[in-house]
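>>> I would like the atomic coordinates for the input below:
(4 chains)
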Amino acid sequence: MLEVNHIDTYYGELKALWDVSLTLDKGEIVALIGANGSGKSTLLEAIAGLLPPTTGEILFEGVRLDKEPSHRIVEFGVCLVPEDRGIFPGMNVSENLELGAFSKRGRKEKEETLHVVYGLFPILKNRRNQLTRTLSGGEQQMLAIGKGLLSRPKLLMLDEPSLGLAPLVTKNIFEAICQINQTGVSILLVEQNVHIALRVAKRAYIIENGRIVQHEQAKNLLRDRRVIQAYLGTHYA
Amino acid sequence: MPKNWKSFFIFGGIIALLAMLPLFTNRSDVLTWSCLTLQYILLSQSWNIIGGYAGQVNLGHAAFFGLGALTTRYLWLAGLPFPASLLSGAFIATVFALLIGIPAFRLRGIYFVIGTLVLAEILKVVIDTRFPVASVLPVETLLTYSLLPRYYLSLMGAVLSVIAVYFISRSRLGLGMMAIREDEDAARTSGVNILQNKLIAFAISTFLAGLAGGIFAFYMVAIQPGYVFSPIWTFDSVVIVFVGGIGTLIGPIIGSVFFVLLKQWLSLHLPGGLHLAVFGVLFILVVLYMPDGFIEAIRRYGKMVTLGRKPMVQGG
Amino acid sequence: MMLEMDSLSKSFGGLMAINHLDLDVYKGEILGFIGPNGSGKTTLFNLISGLLKPDSGKIKLNGIDITPLSSHKICQMGIARTFQLTKPFAQMTSLENVMVGKAFGCTPTWSMREAKEEAEKILRFIGLGEKSMWRASALGVVDRKKLETARALATKPKLLLLDEMMAGLTPTEVEEAMVLVKKIRDSGITLIVVEHVMEAILGISDRVVAINAGEKIAEGAPQDVVRERKVIEAYLGEEA
Amino acid sequence: MVQFLAQTFVNGINVGALYGLAAVGLSLIFGVMRILNVAHGEFLMVGGYIGFWLFKLYGVDPFVGLPLVGIFLFLIGIVFYKVVFSRVAKFHEEVKLKNSLLIAFGLYLIFPQIAMVLWTADERAISPAYSGQAFDLLGVRFGYVPLAGVCIAIIVILAMYLFLTKTYFGKSLRGTAESWKAAKLSGIHIEWTFMITFGLGISLAGIAGVLIALTQELTPFMGMPWTLKALIVVVLAGMGSIVGAFVAGLILGIVEAVSAIFMGPYTIAIGLLIFLIILVLRPQGLFGRA
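Numbering: from 1, shown residues only, chains lettered A, B, ... in the order given. Sure thing, here's the model as predicted:
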């Protein structure tokens, strides 16, 4: 469904991605694993059109995305929930969700999706008139994912959804992510919590210094000595 | 260091040439233009110190120019020797800067910009009300009025400002100022006392601005006190510095020459104030297409590889 | 004892970033500091370096209370730091960047020649000697990190705080960096090192402190700390 | 005495409503785009003169001309956005702020000169037959024209407020103001949003200009003083707050009217000084949050 072919990306004069390729099939959860600053977020931003690649191509269901602006990419059904969560702190929860459905694609089925999101995260319904800034970290992350869902994505990209959250909250979020996946939404996941990431994902890519260095079934990676050493700590071996 | 010697010779040569200019020509228009250019070099360099090197976009620069001008003018016409009046003017400007500096530097970004703009406007309003009548030179001074001392004074002012900026840019003070401009947190945690550094930069900048005002007050036959506080003085300095190249030694010089010559040339060929409008259009074009000013444009055009710049891999 | 933190607290809009933290740093050691993203590591560095003021609690350097001091004073007393997201003086050359540290730091100087010589020495030490005339904006991520460290070293600190210096480095580069950190320690500087790269933390630290949600959850020898269940859960994710 | 104070108060509100209206456009543009348009007052002047032309040349009643000026200035705003400001809007925050200031300086050089050519330096005003008429209420004089000005200002600002809080498009403007990145990722077309915002802001300036022309005089050099007033109001209110800007405008108007009793010609300076003090003590504005 998603095909990233040999892309290079620059931040100003700095090259952030080197010849990166990646594929994702319909209904899959794929994880991207790598150290801080290795280019995981950059890759998601490239796909979402925030930082278009200078070379290579990005295909989604056969359509070239790499020349499209961000707001058009949303219309194709590709949605990014960025690391800073991409919500509007000074607006209330229901306004945030409404803006999540700003695209033509999302607006058509706004009411039904809203229903689904409130079913997934009931707390959001209780807080719908509250300013986003006053929500807890976990609630903000739920809102971020909910807002993403309102654009009716076929592919949802999540950047560090567990960032700064307590373990229990993280668990809830990931349960929700699995539920979302079961409704047929494909998921591209960037996650520092390698354990969880590899548990929910089917396949994973390991990225180092802007290059994909390994690509494997998730369950194999969990057994891979090298990965364990680099990302889980040597004591695990 | 041969490279430095070369620059010194060029600089000295230019000063010598400028000093001899009145020997070659007595055309008053040439002298007037030169006078203006030199005064603008002084004024824009003074803004360059606080705005270009220390990175504080001070839009209240006219206040210090005006204070210098007004103080100098009134003390001078009251009978104080001119040099003493001039220094007093610059001194008053500096004192005022230090007074308002501490609260002003509490403001960041956009608020500093607006705060300084409003501060100058307050002074303008007060001065307009307090001194509504233009100050005209007395007849005896008018009779002996000569452009020549004004020209040499302007030259001295301009040279002083260039020397000041040269030494600042190579001193500990300048290093601290630039560090503040680039990143206050990093500067702070590297030991730079932000407030102290900004205040010193502000003091030097406003002293030179006051000097520029004083020289202008000496140069003009009639002065409307409110006029020297007009935001136009700030805008002119900012425009010159940006067009020439902000935070560089040469930028304001190039900017001033370009500014005065183009303005004069346009005013000769266009009716009324339209030359200002054309100048505005040109300025906008420069901002849009040469965002780093002439200096950077020339540098980039001249050679793709310069100090500390990797050759560009990509076109953009 | 070099640095003492006594019941330090800091909250942001109700969220406790640092919660009554007690922490001691001993002279001459490398203290590894670990914890998941958002656990308060960077906040702690901001508190120590004076960029943030604690809501309560004290920080003492060699017995002197530095809590009320402003950042530049703290730096001049001998604490230098780097930033996780590097903050180079972008439009200045590498040399000038490092000169700032020398000219204003713990052993300030008015002589630009002295600052320049010292800066050149440090740049060579850190491996940026050839790029001393490059503008910082033209440096790559790795070089920026080196520059950041060089600038901090130039202030002649007694205590150096390194914030994720090795993030995003290749394994070889990490090894180089580890050697470098040890060299810095051998020159008599005490270090607090925040790192995500486990190998590095285990390889260089004399002692490790783990925090989560602003609270200290473990402290001790590196090998012991990473075996504690609380740390594993917090840092590496719960094995549910 | 009470009557005198009440009259002062009313006069203050009459002027303050215009301050508020002038500030709302500036605040909107800054809030959404982070562009500080210090040429805002120049557009206000253009609006005033267009209203003056409509009245003088075609006999269009200024209150009928108001929507026409609004639409015309909206189009001018869009043209200016497309030609100059769109290039600046793409830069990073700091560069954007700096360059938007510089461009506005350029406009500040251009506009008064062109206005001099088109309308001369003479003071102009829109003075329909009914201007100057008034009614008394409890001994306080209410001019019909200033009163209408206050009402229109309130209506326009209320409409603006409803647009921003109740309509989908308005919400997307607020979203863009909060975070353009999040807005982009929600499928909002930023370029389009910016263009409409700029047009709306300029349109508001134009409407304020016509109302000003009804009660005060127009000159080619009125732009900068009005920009300053608008800036003051915006900062007092806190950047980007629409209703706050209107309230702050009223406050400034009343403070000026009251201090005029004691301070005479120094009134403006006092208003500015109060502003500076508030700015230093509370940089986030009276109604803004820290």
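
>>> isn't residue D:54 right up against residue D:67?
No - using CB atoms under 8 Å as the test, residue D:54 is too far from residue D:67 to be in contact (11.0 Å). Heads up, the C-betas are built off the backbone N, CA and C, glycines and all.

>>> more crowded one of those two?
Neighbour totals were compared for residue D:54 and residue D:67, and residue D:54 leads with 21 against 12 (other CB atoms under 10 Å in any protein chain shown).

>>> and the gap between the more buried one and chain C?
To chain C, residue D:54 is 50 Å away according to CB to the nearest CB, to the nearest Å.

>>> residue D:99 too?
Here residue D:99 is placed at a distance of 16 Å from chain C (CB to the nearest CB).

>>> helices of chain C, start to end?
C:41-48, C:71-76, C:94-104, C:112-126, C:141-154, C:171-186, C:198-204, C:222-225, C:229-236 (DSSP state H).

>>> need the longest helix for chain A.
helix A:167-182.

>>> for that helix, list the C-alpha coordinates in CSV.
Once non-C-alpha atoms are left out, helix A:167-182 reads as follows in CSV (Å, rounded to 0.1, in the frame of the first residue of the first chain):
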residue,chain,number,x,y,z
PRO,A,167,3.5,2.6,31.9
LEU,A,168,-0.2,2.0,32.5
VAL,A,169,-1.3,4.8,30.3
THR,A,170,1.1,3.6,27.6
LYS,A,171,-0.6,0.2,27.8
ASN,A,172,-4.0,1.7,27.3
ILE,A,173,-2.9,3.7,24.3
PHE,A,174,-1.4,0.7,22.7
GLU,A,175,-4.5,-1.4,23.3
ALA,A,176,-6.4,1.4,21.4
ILE,A,177,-3.8,1.3,18.7
CYS,A,178,-4.4,-2.4,18.2
GLN,A,179,-8.1,-1.9,18.1
ILE,A,180,-7.7,0.8,15.5
ASN,A,181,-5.6,-1.5,13.5
GLN,A,182,-8.3,-4.2,13.7
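
>>> off-centre distance for it?
13 Å (CA atoms, centre = their mean, to the nearest Å).

>>> just stretch B:252-266 next, same as before
13 Å.

>>> then that stretch to PDB, C-alphas only?
Taking C-alpha atoms only, stretch B:252-266 is exported to PDB below (Å, rounded to 0.1, in the frame of the first residue of the first chain):
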ATOM      1  CA  PRO B 252      26.300  49.700   6.600                       C
ATOM      2  CA  ILE B 253      28.900  51.600   4.500                       C
ATOM      3  CA  ILE B 254      27.700  50.100   1.200                       C
ATOM      4  CA  GLY B 255      24.100  50.600   2.400                       C
ATOM      5  CA  SER B 256      24.600  54.200   3.200                       C
ATOM      6  CA  VAL B 257      26.200  55.000  -0.100                       C
ATOM      7  CA  PHE B 258      23.500  53.200  -2.000                       C
ATOM      8  CA  PHE B 259      20.800  54.700   0.100                       C
ATOM      9  CA  VAL B 260      21.900  58.400  -0.200                       C
ATOM     10  CA  LEU B 261      22.900  58.200  -3.900                       C
ATOM     11  CA  LEU B 262      19.800  56.400  -5.000                       C
ATOM     12  CA  LYS B 263      17.500  58.600  -3.000                       C
ATOM     13  CA  GLN B 264      19.200  61.800  -4.400                       C
ATOM     14  CA  TRP B 265      19.200  60.400  -7.900                       C
ATOM     15  CA  LEU B 266      15.500  59.500  -7.700                       C
END
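
>>> which bits of the stretch 51-200 of chain D sit near chain A?
Residues of the stretch 51-200 of chain D found near chain A (CB under 8 Å from any CB of the partner chain) are D:168, D:171-172, D:174-175, D:178-179, D:181-190.

>>> per-domain residue ranges of chain C.
C:1-78+C:158-240, C:87-156 (automatic domain parsing).

>>> just those: most buried one?
domain C:87-156 (a mean of 21; mean count of other CB atoms under 10 Å in any protein chain shown).

>>> any idea which element the closest residue in space to residue D:236 that isn't next to it in sequence lies in?
Closest residue to residue D:236 apart from its sequence neighbours, by CB to CB, 6 or more residues apart in numbering or on different chains: residue D:248 at 4.0 Å. If you go by DSSP states H and E, residue D:248 is part of helix D:242-263.

>>> now that helix: buried residues?
D:242-260 (16 or more other CB atoms under 10 Å in any protein chain shown).

>>> what is it packed up against?
helix D:2-33, helix D:144-166, helix D:223-237, helix D:267-281 (3 or more CB pairs under 8 Å, 6 or more residues apart in numbering or on different chains; DSSP states H and E).

>>> quick one: it to helix D:2-33, angle?
140 degrees (axes from the mean of the first three to the mean of the last three CA atoms, to 10 degrees).

>>> what's the spacing between the helix or strand of chain D with the lowest mean pLDDT and its chain's center?
Across the helices and strands of chain D, mean pLDDT, DSSP states H and E gives its lowest value to helix D:267-281, namely a mean of 77. Distance of helix D:267-281 from its chain centroid, counting by CA atoms, centre = their mean, is 19 Å.

>>> residues touching that helix, excluding its own?
With contact meaning CB atoms under 8 Å, 6 or more residues apart in numbering or on different chains, helix D:267-281 is reached by B:103-104, B:106-107, B:111, B:114-115, B:118-119, B:121-122, B:125-126, B:129, D:228, D:232, D:235-236, D:252, D:255-256, D:259-260, D:263, D:286.
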